[in-house]
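Trainee: Model the structure of this input:
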Amino acid sequence: MKINNEPKLDFDDVLLVPQRSKTASRSDVKIERKFSFYHSSQPWMGVPIIAANMDTVGTFAMSRSLSKKTMITCLHKHYDVDQYADNMFNYNYQWVSIGIKEEDIIKLRQICNTLYQPPNICIDVANGYTDDFVNFCGRIREEFGSIPVIMAGNVCTPEMVQEIILHGGVDIVKVGVGPGSACTTRLKTGVGYPQLSAIIECSHAAHGLRNGSGRLGLICADGGCRTPSDVSKAFAAGADFVMLGGMLAGCEECEGEWEYECVSCDRWLDKKEFRGCKVSVDAYGNCLKCMSCKAKETHQVIANREKESAKEILEAIGFYKYPNAESWLIAMKEKHKL
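Mentor: All right, here's what the predicted structure looks like:
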């Protein structure tokens with residue numbers, strides 16, 4: 001075993017140092033981005049926040065809500081083909097998720113036939129360090145051409161980011177192994193990488209690639225964001241997109257059944273399943289009690305609705321470029337009792 005003694009950082013290890021700015025108010029900060037992609041011929045413009053393709057988060061209802069703020073939703077894999085025909089309304093902000101089985105290609109072909117054009121695609125596996133994964137990504141690019149934007153992962157090291165972009169035909173590489181709130185990879189296998197350092201190193205590798213037209217490789221930071229401040233830090237570290245799962249879980253736009261527990265004569269708690277996890281929170285989203293869960297005991301913000309969650313995230317990105325960022329981060333830690 002080779003031991004790497006270089007310091008590696010997670011979100012909790014850093015704060016953003018404020019700098020002088022001409023911006024008078026956070027409302028003046030423009031957080032929309034415009035991207036051209038390494039392989040895809042289609043440009044994209046919007047707020048580079050992506051709802052994760054988790055079972056209860058990547059829903060059509062979530063995509064309808066987030067698209068109003070020009071954010072992306074990676075739809076979960078369990079929708080039937082007919083449901084795409086009825087609910088796909090904006091290909092720029094609704095992305096189709098697939099695995100790497102042959103049945104996934106068959107289903108993607110059926111979706112394309114239903115929609116009359118290839119949608120943007122998210123190829124999602126737990127371990128992106130296999131030849132089968134890279135070859136599958138290349139097959140998708142070869143079959144569906146330059147129209148769709150293809151995002152794939154997950155990996156956490158620079159050399160694999162470049163491999164997936166150059167030989168897998170991927171435009172955006174998902175970076176993050178183990179940091180997600182419902183992910184057990186680190187606990188079960190001991191595999192992972194501190195997320196902030198992974199973003200810094202992988203973004204440098206991706207942005208160092210340029211195609212003949214000068215378009216760069218891109219990354220999406222996937223996992224580890226528990227507060228809006230973490231989203232700001234991910235962008236500051238070089239992420240082009242940030243994917244959120246736990247921060248959006250439990251919103252009204254999520255699928256799953258609500259449960260209600262009476263804790264006193266005038267107080268009720270909302271609970272919603274999140275990857276098999278039932279969590280109790282107060283009106284501010286602070287965890288009061290975690291029920292047993294086969295996957296992992298997860299402290300999850302549930303009471304927030306999508307509108308409130310998105311508002312806090314957008315404010316955080318604005319503060320990332322705002323001179324009072326450090327005091328805001330301290331206030332957020334106090335608010336969420338971190």
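Trainee: Poorly predicted segments of the chain, please.
Mentor: 257-309, 315-338 (pLDDT under 70).
Trainee: how about 80 then?
Mentor: Scanning the chain for pLDDT under 80 picks out the ranges 180-187, 250, 256-338.
Trainee: Can you tell me the centre-most residue of it?
Mentor: Most central in the chain under C-alpha atoms, centre = their mean is Met243, positioned 1.1 Å from the mean C-alpha point.
Trainee: quick one, helices of the stretch 1-150 of the chain?
Mentor: 60-67, 81-87, 102-115, 131-144 (DSSP state H, counting those that start in this stretch).
Trainee: For the first one, name the packing helices and strands.
Mentor: Taking 3 or more C-beta pairs under 8 Å, 6 or more residues apart in numbering; DSSP states H and E as the contact definition, the neighbouring helices and strands of helix 60-67 are strand 49-51, strand 72-75, helix 81-87, strand 94-98, helix 306-320. In short, each C-beta sits where N, CA and C put it, glycine included.
Trainee: do the same with the second one
Mentor: Contact here means 3+ C-beta pairs under 8 Å, 6+ apart; on that basis helix 81-87 packs against helix 60-67, helix 102-115.
Trainee: Pull out the buried residues from the longest one.
Mentor: This means helix 102-115. 104-105, 107-108, 111-112 (16 or more other C-beta atoms under 10 Å).
Trainee: relative to strand 94-98, how tilted is it?
Mentor: 150 degrees (axes from the mean of the first three to the mean of the last three C-alpha atoms, to 10 degrees).
Trainee: Need the residues that contact helix 102-115.
Mentor: Residues outside helix 102-115 that contact it (C-beta atoms under 8 Å, 6 or more residues apart in numbering) are 77, 81-82, 84-85, 88, 91, 96, 98, 118-119, 121, 139-140, 143-144.
Trainee: In contact with Val14, which residues?
Mentor: So Val14 contacts 196, 233 (C-beta under 8 Å, 6+ apart).
Trainee: picking that back up, let me see the contact set for the residue nearest to the centre of the chain.
Mentor: So Met243 contacts 50-52, 74, 174, 220-223 (C-beta under 8 Å, 6+ apart).
Trainee: Check Gly238 too.
Mentor: 199-200, 203-204, 207, 219.
Trainee: Could you verify that it is part of a strand?
Mentor: No. With DSSP: H, G, I helix; E, B strand; the rest coil as the criterion, Gly238 is located in coil rather than a strand.
Trainee: Excluding chain neighbours, what is closest to it?
Mentor: Ser203 (3.1 Å; C-beta to C-beta, 6 or more residues apart in numbering).
Trainee: Centre of the chain to the strand or helix carrying that neighbour, how far?
Mentor: Per DSSP states H and E: Ser203 is located in helix 195-207. Helix 195-207 sits 15 Å away from the centroid of its parent chain (C-alpha atoms, centre = their mean, to the nearest Å).
Trainee: what sits up against it?
Mentor: 8-11, 13-14, 155-159, 161-162, 165, 173, 175-177, 179, 216-219, 221, 223-224, 233-234, 237-240.
Trainee: go again using 6 Å as the cut-off
Mentor: Residues outside helix 195-207 that contact it (C-beta atoms under 6 Å, 6 or more residues apart in numbering): 8-11, 156, 158, 161-162, 175-176, 179, 216-219, 221, 224, 234, 237-239.
Trainee: Now the buried members of those residues.
Mentor: 9-11, 156, 158, 161-162, 175-176, 179, 216-219, 221, 224, 234, 237-239.
Trainee: These in strands, which ones?
Mentor: Among the buried ones among the contacts of helix 195-207, the subset assigned to strands under DSSP state E consists of 175, 218-219, 221.
Trainee: Would you format those as JSON lines with distance to Arg64 included?
Mentor: What follows is these, written out as JSON lines (distance: C-beta to C-beta, whole Å):
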{"residue": "Val175", "distance to Arg64": "28"}
{"residue": "Leu218", "distance to Arg64": "25"}
{"residue": "Ile219", "distance to Arg64": "27"}
{"residue": "Ala221", "distance to Arg64": "24"}
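Trainee: between these, which is closest to Ala24?
Mentor: Ala221 (29.1 Å; C-beta to C-beta).
Trainee: buried subset of the contacts of Gly238?
Mentor: 199-200, 203, 219.
Trainee: What is the most widely separated pair among those?
Mentor: Top of the distance list for these (C-beta to C-beta): Ile200 and Ile219, 10.4 Å.
Trainee: quick revisit: how about the helices of the stretch 1-150 of the chain, which one is nearest Glu252?
Mentor: helix 60-67 (7.8 Å).
Trainee: what's the angle from that closest one to strand 94-98?
Mentor: Going by the same axes, to 10 degrees, helix 60-67 makes 140 degrees with strand 94-98.
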